[in-house]
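>>> sharing a model that was predicted from the sequence below.
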Amino acid sequence: MSDALTLKEKREFSRAYKRGRSFVSPLLVTYVIKNNSNNLRYGITTGKKIGKAVQRNRARRVIRAAFYMLEGNLKQGYDIVFVARGKTPYVKSTEVLSCMQSHLKTAGLIIED
C-alpha cells in the first residue's frame, strides 16, 4: 500500500518544525527536512483548533489520501510533516492534493518524468 514510513516520535516532529523548510497555504502547512536514511517518512498533525475528533480524523484522512496519490513521484531521504489547517476537514482530497503538489514542487521533492 505505502512505501513511505510514518513519523511517530515527538523529537522527529520537533526536528522538522525547528529546522525544516515550511510551506504555508490556507489548507495545509508542509515542513520538509532531509533525513539521515534513504527512506521517505511522513507525519500528519491536527491540533484541537481544527475541531472535535470527527473533524480532526477527517482532516487526517483527506491529507493521507492526497499523499498516497502523490508518494510514488517523491524523492527518498526526506521527512515531511503535514499540519492541517481550519479549512482542511471541509475540502476534498483533490484540493489538498493540488496544494500538496505545489508545496512539494517548490521544495524540489517531486520527480519529473
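Perfect, I can see it now. Numbering: from 1, shown residues only.
>>> and the residue nearest the centre of this protein?
Compute the mean C-alpha point of the chain, and by Cα atoms, centre = their mean the closest residue is Phe82, 3.0 Å away.
>>> so that residue is in which element?
Using DSSP states H and E, Phe82 falls within strand 78-84.
>>> partners of that strand, with directions?
Strand 78-84 pairs in its sheet with strand 28-34 (antiparallel), strand 41-45 (parallel), by DSSP bridges.
>>> then the last one to PDB, C-alphas only?
Right, strand 41-45. This file holds the C-alpha atoms of strand 41-45, laid out as PDB (Å, rounded to 0.1, in the frame of the first residue of the first chain):
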ATOM      1  CA  ARG A  41       8.900   9.400   6.000                       C
ATOM      2  CA  TYR A  42       5.800  11.500   6.700                       C
ATOM      3  CA  GLY A  43       3.700  12.600   9.600                       C
ATOM      4  CA  ILE A  44       0.400  14.300  10.000                       C
ATOM      5  CA  THR A  45      -0.700  16.600  12.800                       C
END
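>>> how far off centre is it?
6 Å (Cα atoms, centre = their mean, to the nearest Å).
>>> same deal with stretch 18-32?
With Cα atoms, centre = their mean as the basis, stretch 18-32 stands 8 Å off its chain's centre.
>>> tell me the pLDDT at Leu1?
To be clear, residue 1 is Met; Leu isn't right here. pLDDT for Met1: 44.
>>> which residues touch the nearest residue to Asn35 once chain neighbours are set aside?
Spatial nearest neighbour of Asn35, chain neighbours left out: Asp79 (4.8 Å); criterion: Cβ to Cβ, 6 or more residues apart in numbering. Just so you know, the C-beta spots here come from the backbone N, C-alpha and C atoms, and that holds for glycine as well. Asp79 makes contact with 7, 12, 15-16, 20, 31-35, 41-43 under the criterion Cβ atoms under 8 Å, 6 or more residues apart in numbering.
>>> which of those residues are buried?
7, 12, 15-16, 20, 31-33, 35, 41-43 (16 or more other Cβ atoms under 10 Å).
>>> could you pick out the longest helix of this structure?
helix 53-70 (DSSP state H).
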